[in-house]
Structures are given as structure tokens and as C-alpha cells.
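Asker: Build me a structure from this.
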Amino acid sequence: MISLHRFASNQNFLTPLFDEQGNATGPKIYEEIVRECYYISKFINTSFNDLLDVTPADRALLLKNISIEAKRSVEQREKAMESIQH
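Answerer: Next up is the predicted model:
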């Protein structure tokens, strides 16, 4: 049995099909979804394919938490470097 991903899209009926220059927005939205899934997969060590079933709201929350954690890590690293230098 073949299982198809529901591929939760950021696009809805309010999303314009074309930008101000007349370019289709679909490819940009697709690229954004792939980039989000890549980062989430990289940072939480999960399968890219598993992320295709994650809703846009869940992806946004995951990315927000990854960003917070990355900032926290940078701050801790900077504090450690300061303590070594003094």
C-alpha cells in the first residue's frame, strides 16, 4: 500500500497565486516548506519524510523553539569564552 503524505502547505485560499512582479508564488512556498523541514530534521534528528505530515503551525513552533535554543547555546558559549579570557 502506498502512503501519500498530506504535505501540509503554508498556502491557503487567501495566498496570492502571483507576486507583484507576476511570478508564481507556489515555487517559493514549496522552497520555504522544504527549507523548514530540512532545518527541523537537522536539529531534532528526525526524518525529513516524517516532517511532511507536520502542520504549518507545528513547523512554526518547532522552528521557534530551535531558534530559542540556538540563541541560548550561543549565549552560553560566549559566557564560557569570557570566563576563559578573564
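Asker: Next, work out how far apart the spatially most central residue of the chain and residue 17 are.
Answerer: Nearest residue to the geometric centre of the chain (CA atoms, centre = their mean): residue 36, 2.3 Å. Distance from residue 36 to residue 17, counting by CB to CB, to the nearest Å: 21 Å. Quick note: C-beta positions are derived from backbone N, CA and C, even for glycine.
Asker: Tell me how many other residues crowd the residue nearest to residue 28 when sequence neighbours are not counted.
Answerer: Residue nearest to residue 28 in three dimensions, not counting chain neighbours: residue 19, with 7.9 Å by CB to CB, 6 or more residues apart in numbering. For residue 19, the count of nearby residues is 10 (other CB atoms under 10 Å).
Asker: Just the pLDDT for residue 19.
Answerer: Residue 19 is assigned a pLDDT of 80 by the prediction.
Asker: got it, and residue 35?
Answerer: If you check residue 35, the pLDDT there is 93.
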